[in-house]
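**Q** The amino acid sequence is not available; the structure is as follows:
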């Protein structure tokens, strides 16, 4: 194979290096300087990102299926949940609840949000009806199966089933729950929305 004639690579690099500054200046002249977004637009975007009502918007489809509620109703629930006074303390240490009404399909169930302190354990309990949970934040380990559930996971427990779970230690556990008939909790007795107020 014949070697191409002409300047060697180091010579080309030297020539390119000398003209780089002029090339960069010429390209900069063609492009307008970047502008920051208008302050009002920036504030609106940041507010949308941090607003409690939209924090779980990516899970609204699954939440809508669970509770038969529309996006605006779900957003209102999370806005309400941002107010600490909306939560009620559960008899189970480290747990708090926020109850709300759901659509017709879930109307006969106790519907709400449950928060459990990071690393806290919810004791063994028997489901008096079917339970469906959607993890929103954090996670937990189910003691019966050893399975770990994290944000976006759904866990369904049939009537009569029993289990206990422990919130993962990294952060507070938050999940949405729809439960028919309440639960019988070891050491606490029967708990339902009417007994937790």
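**A** Looks like it arrived, so ask away. What you see is a predicted model; the values in this text were computed from it and never measured. Numbering: from 1, shown residues only.

**Q** quick one, what contacts residue 103?
**A** Counting by C-beta atoms under 8 Å, 6 or more residues apart in numbering, residue 103 touches 67-69. In short, each C-beta sits where N, CA and C put it, glycine included.

**Q** Turn the buried ones among those into a named ChimeraX selection, would you?
**A** Per 16 or more other C-beta atoms under 10 Å, the buried members of these correspond to this ChimeraX selection:
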select :67,68,69
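
**Q** In JSON lines: the contacts of residue 103, plus secondary structure.
**A** Below are these laid out as JSON lines (DSSP: H, G, I helix; E, B strand; the rest coil):
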{"residue": "67", "secondary structure": "helix"}
{"residue": "68", "secondary structure": "coil"}
{"residue": "69", "secondary structure": "coil"}
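
**Q** From the contacts of residue 103, pick the one nearest residue 167.
**A** residue 67 (22.3 Å; C-beta to C-beta).

**Q** distance of the closest residue to the closest one other than its chain neighbours from residue 77?
**A** Closest residue to residue 67 apart from its sequence neighbours, by C-beta to C-beta, 6 or more residues apart in numbering: residue 102 at 4.0 Å. To residue 77, residue 102 is 10 Å away according to C-beta to C-beta, to the nearest Å.

**Q** Name the residue in these two with the higher neighbour count.
**A** residue 77 (23 against 20; other C-beta atoms under 10 Å).

**Q** isn't there a helix covering that one?
**A** Yes - assessed with three-state DSSP, residue 77 lies in a helix.

**Q** I figured it hits residue 101, correct?
**A** No - assessed by C-beta atoms under 8 Å, residue 77 is found out of contact with residue 101, at 9.9 Å.
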